[in-house]
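**Student:** give the three-dimensional model of this entry:
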Amino acid sequence: MSEKNREGKRTARQKLAAEREKQKSKDKRRRALIVGASVVCVLGLAAVIGVVAANAGKDDGSESAGPVVAPSGAQGKDSLAIPVGKESARSTLTIWEDFRCPACKGFELAYRDTIHELTEAGQLKVEYHLATIIDGNMGGTGSRKAANAAACAQDAGKFTPYHDVLFANQPAESDDAFADEDKLLDLGRKVDGLDTPLFQECVENGTHNSWVEKSNKAFLDGDFGGTPTVLLNGKNVYQDRSMTPEKLKQMVRDADK
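**Tutor:** Residues are numbered from 1 along each chain as shown. So this is what the prediction gives:
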């Protein structure tokens, strides 16, 4: 074989080796890009999951910007409690509720008459705290808007009857009907003396939205199990499976002795 032929084959092998090295470098870079993109996707998905988890039970806060305006007569820490009953009552029932919460409606329908009887007799004071858990879990703004409307009713001295009307007309949990302000105003017409320009303005302007948001944050920070949370003189009585309206009545009477 001539020297020229050997040199040609050597050059061809070198070119082939160079091409192979070049292809290996390309493959290595492509694998690195794929792995990097996969890591970014995984981290992005984890971030999304984290945001969703972090927002569970939280309202989105839209339309709630503005000063915190507590309803008339609100009491307690940061004026977050709406009181019902005589201040001199020896027992206090603290209730955390969400107007979209089916379990809250169940509690109200079962215990409402008993609570009214005890408050009217001067034996029980109730402190209502409003939350927006269902807005956070199911989406929507009905919990917040209904709570704002209830606070507006408190301004008019009509909290208790409007509170009861809201629960009596509660939509299905997945139905954000209370987000419709016209619906809330229509329900206000079921309460004598509540259908006023002041109530309408308060509902439509979301006067107490920021106060409702502050109340909901207090609920989340309180590490409660859910709504309703019902405490009699600091003791969680809603968790007591043996609790009945009659048993609650007897507990209040015993404390009143």
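**Student:** next, give phi and psi for Asp164.
**Tutor:** Main-chain torsions, Asp164, degrees, to the nearest 10: phi -70, psi -40.
**Student:** what are the ranges of the strands in this protein?
**Tutor:** 82-84, 91-97, 124-130, 229-232, 235-236 (DSSP state E).
**Student:** and the gap between Gly73 and Glu127?
**Tutor:** 11 Å (Cβ to Cβ, to the nearest Å). For every residue, glycine as well, the C-beta is placed using N, CA and C.
**Student:** these two - which one has more neighbours?
**Tutor:** Glu127 (19 against 14; other Cβ atoms under 10 Å).
**Student:** low pLDDT regions in the stretch 151-257 of the chain?
**Tutor:** Scanning the stretch 151-257 of the chain for pLDDT under 70 picks out nothing.
**Student:** show me where it has helices.
**Tutor:** In the stretch 151-257 of the chain, the segments counted as helices under DSSP state H, counting those that start in this stretch are 159-168, 181-188, 197-205, 209-221, 245-256.
**Student:** how about those in JSON lines, adding distance to Pro102?
**Tutor:** Shown next, in JSON lines, are the helices of the stretch 151-257 of the chain (distance: least, Cβ to Cβ, whole Å):
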{"stretch": "helix 159-168", "distance to Pro102": "10"}
{"stretch": "helix 181-188", "distance to Pro102": "18"}
{"stretch": "helix 197-205", "distance to Pro102": "23"}
{"stretch": "helix 209-221", "distance to Pro102": "17"}
{"stretch": "helix 245-256", "distance to Pro102": "19"}
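**Student:** now for those, which one comes closest to Ala89?
**Tutor:** helix 245-256 (8.0 Å; Cβ to Cβ).
**Student:** and the angle from the closest one to strand 124-130?
**Tutor:** 120 degrees (axes from the mean of the first three to the mean of the last three Cα atoms, to 10 degrees).
**Student:** how far away is the residue nearest the centre of the chain from Val191?
**Tutor:** Geometric centre of the chain, nearest residue: Ile133, 2.3 Å, by Cα atoms, centre = their mean. Taking Cβ to Cβ as the criterion, Ile133 is separated from Val191 by 25 Å.
**Student:** good, wrapping up.
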